[in-house]
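Peer 1: give me a 3D structure for the following:
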Amino acid sequence: MKVVANNRKALHDYHILESFEAGLVLAGSEVKSLRQGLVSISDAYGDVSEGEVYVLNLHISPYKYGSSGKLNPKRKRKLLMKKREIKRLYGLVQQRGNTMIPLKIYFNERGYAKVKIGVCRRKRLYDKKEKILKKEEERKIAKFRKIMR
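Peer 2: Next comes the predicted model:
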C-alpha cells in the first residue's frame with residue numbers, strides 16, 4: 001500500500017467517528033499526477049447526493065506531460081462504494097454536526113486509487129487544549145523518568 005496523501009489537519013480538528021474505504025473515479029492523467037503526489041486533501045470534504053458519494057474540493061494538479069483536455073483540478077469526483085455502505089454513510093452524515101472528510105489517499109496492492117473517508121465531528125477548543133496539556137504532562141513524566149534512571 002503506497003500512501004499518497006494524509007490529512008493531518010483532519011486528525012487535529014475532528015473526532016473521527018467511523019471510517020470507510022472507497023474507490024476513486026479518476027481520468028488517466030489524474031492517476032499519473034496522483035502517483036507523483038501532486039494532490040492536496042486539506043480542504044476536501046464529501047457529499048452524498050442522489051444515492052452517490054462525491055468528494056469535493058480535492059485538488060489534483062494537472063499532469064505536466066498530459067495531452068488530453070485540461071480538467072478542472074478541483075472538480076467533483078465520484079467515490080465507488082457499496083449501496084449499503086452509502087446508506088450507512090448517509091445516515092451518519094445526516095446527524096447534526098457530522099461531516100464527511102477524506103483522511104487518506106493511497107494505492108492498494110492491485111494499483112487502484114483508494115480514499116479513506118471518515119465521518120467526523122469537529123473538536124471544540126477545550127478538547128484541543130486538553131490534548132495539548134495531556135501531551136505536555138506525558139513529556140514531563142518521561143523526562144522525570146529519564147532523570148531518575
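
Peer 1: what's the spacing between Val25 and Glu109?
Peer 2: Using Cβ to Cβ, to the nearest Å, one gets 20 Å for the distance from Val25 to Glu109. The C-beta positions use only the backbone N, C-alpha and C, and glycine is treated the same way.

Peer 1: residue contacts, Cys45?
Peer 2: Not Cys; residue 45 is Tyr. Residues near Tyr45 by Cβ atoms under 8 Å, 6 or more residues apart in numbering: 55-57, 99-102.

Peer 1: which pLDDT value belongs to it?
Peer 2: For Tyr45, the model assigns a pLDDT of 91.

Peer 1: torsion angles phi and psi at it?
Peer 2: Note on Tyr45: its backbone torsions stand at phi -150, psi 170 [degrees, to the nearest 10].

Peer 1: avg pLDDT for the helix or strand harbouring Arg88?
Peer 2: Using DSSP states H and E, Arg88 falls within helix 83-94. Averaged over helix 83-94, pLDDT sits at 91.

Peer 1: name the strands paired with the following helix or strand past that helix and say parallel or antiparallel.
Peer 2: Using DSSP H and E, the helix or strand that directly follows helix 83-94 along the chain is strand 98-107. The pairing partners recorded for strand 98-107 under DSSP bridges are strand 2-6 (antiparallel), strand 113-122 (antiparallel).

Peer 1: which neighbouring elements make contact with the helix holding Arg88?
Peer 2: Packing partners of helix 83-94 (3 or more Cβ pairs under 8 Å, 6 or more residues apart in numbering; DSSP states H and E): strand 14-24, strand 45-49, strand 52-56, strand 98-107, strand 113-122.

Peer 1: any idea of the angle the second one forms with helix 83-94?
Peer 2: I take that to be strand 45-49. Calculated by axes from the mean of the first three to the mean of the last three Cα atoms, to 10 degrees, strand 45-49 forms an angle of 110 degrees with helix 83-94.
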